[in-house]
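# Predicted coordinates and the sequence they were generated for:
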Amino acid sequence: MENFENIDARNPLFSNLALPQGFALPQMEIAFEREVGAAQLVVLGGRAPKASWLRSAASGKVVWAADRGAEACRAAGISPTYALGDFDSIAKECEAWLERLGVETERYPADKDYTDFQLCLNRAKGDLLVTGCWGGRFDHAFANVFSIPWGEEWGAKVRAFADESEVLVPLAGEAALELVFRTRPIALSLLPLDALCEGVTIHGTKWELDEAELSLRHPYAVSNVPVKNRVTVKIEKGSVGVYCLFKETEL
């Protein structure tokens with residue numbers, strides 16, 4: 001934290017709000033202005049998170065393994081609570097491992113409309129932390145991010161997509177959040193997820209915004225840099241993704 005300006009007092013953005021609540025990742029804490037339930041962990045079949053990161057993120061959580069996400073759980077020594085998907089990309093040894101553990105498993109046909117992540121959103125109700133979501137195909141990442149409001153129709157609230165390298169926190173409607181970093185990210189971006197986002201404010205970064213507009217047509221708020229260990233983001237209308245990059249990833 002030596003490169004940050006350490007601040008003990010709560011940021012003024014939260015001065016008139018209830019005490020923020022959230023959850024911790026190994027590299028950061030994420031606090032929301034509204035109450036957050038006990039987050040469940042969804043492990044997808046993209047780039048597997050580092051085993052130590054996954055063990056820390058899974059601690060005390062219900063764990064959903066989607067298809068090849070079960071292999072990441074096995075490698076980290078984590079027993080999933082549930083496993084689901086079409087299992088078209090999972091090793092037979094891993095399927096046998098799930099069976100030996102007695103993991104509750106739901107199998108779906110490979111020819112289906114829903115992705116494995118969308119199946120998780122339909123089945124896992126409540127607040128979700130999603131990992132194993134990076135490093136794959138762009139269309140998969142696109143579908144994951146824009147399935148967030150679909151999941152909310154089913155009662156699933158995605159709080160973050162994350163691993164040790166990348167974190168994306170969706171923020172929608174009239175809302176605010178605070179990020180408290182243990183490890184300094186090398187970049188922080190605000191990505192508009194709606195046609196128009198209004199009243200966007202960010203403090204604690206090199207380039208700050210106050211009541212700004214962001215849009216899909218003009219995504220200019222990228223590659224910012226935190227200068228404090230606490231960063232606050234507030235939005236009045238629309239939906240943005242608060243993206244943090246902690247280290248360069250392999251292509």
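Yes, it's here.
# hang on, isn't residue 66 packed against residue 86?
No. Judged on Cβ atoms under 8 Å, residue 66 makes no contact with residue 86 at a distance of 9.8 Å. No exception for glycine: its C-beta is placed from N, CA and C like everyone else's.
# could I have the lengthiest helix in the chain exported to PDB, CA atoms only?
The single longest helix within the chain, with elements called by DSSP state H, is helix 92-101. C-alpha atoms of helix 92-101 as PDB (Å, rounded to 0.1, in the frame of the first residue of the first chain):
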ATOM      1  CA  LYS A  92     -14.100 -38.100 -17.000                       C
ATOM      2  CA  GLU A  93     -11.800 -38.300 -13.900                       C
ATOM      3  CA  CYS A  94     -13.400 -35.100 -12.600                       C
ATOM      4  CA  GLU A  95     -16.900 -36.400 -13.200                       C
ATOM      5  CA  ALA A  96     -15.900 -39.500 -11.200                       C
ATOM      6  CA  TRP A  97     -14.500 -37.200  -8.500                       C
ATOM      7  CA  LEU A  98     -17.800 -35.300  -8.200                       C
ATOM      8  CA  GLU A  99     -19.600 -38.700  -7.900                       C
ATOM      9  CA  ARG A 100     -17.300 -39.900  -5.200                       C
ATOM     10  CA  LEU A 101     -17.800 -36.700  -3.200                       C
END
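# For it, the averaged confidence score.
Mean per-residue pLDDT for helix 92-101: 93.
# C-terminal to that helix, what's the next element?
Once the chain leaves helix 92-101, the next helix or strand it forms, by DSSP states H and E, is strand 104-107.
# Measure how far that following strand is from the centre of its chain, please.
24 Å (Cα atoms, centre = their mean, to the nearest Å).
# Contacts for it next, please.
The contact list for strand 104-107 (Cβ atoms under 8 Å, 6 or more residues apart in numbering) reads 81-87, 98-99, 119, 123.
# Need the CA coordinates for it. CSV is fine.
C-alpha atoms of strand 104-107 as CSV (Å, rounded to 0.1, in the frame of the first residue of the first chain):
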residue,chain,number,x,y,z
GLU,A,104,-25.5,-32.8,-6.0
THR,A,105,-25.3,-32.7,-9.8
GLU,A,106,-27.6,-31.4,-12.6
ARG,A,107,-26.9,-32.6,-16.1
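# For that strand, what does the pLDDT average out to?
The average pLDDT within strand 104-107 is 92.
# What residues of it count as buried?
Of all the residues in strand 104-107, those buried under the rule 16 or more other Cβ atoms under 10 Å are residue 105.
# partners of that strand in the sheet?
Here strand 104-107 is paired, per DSSP bridges, with strand 82-85 (parallel).
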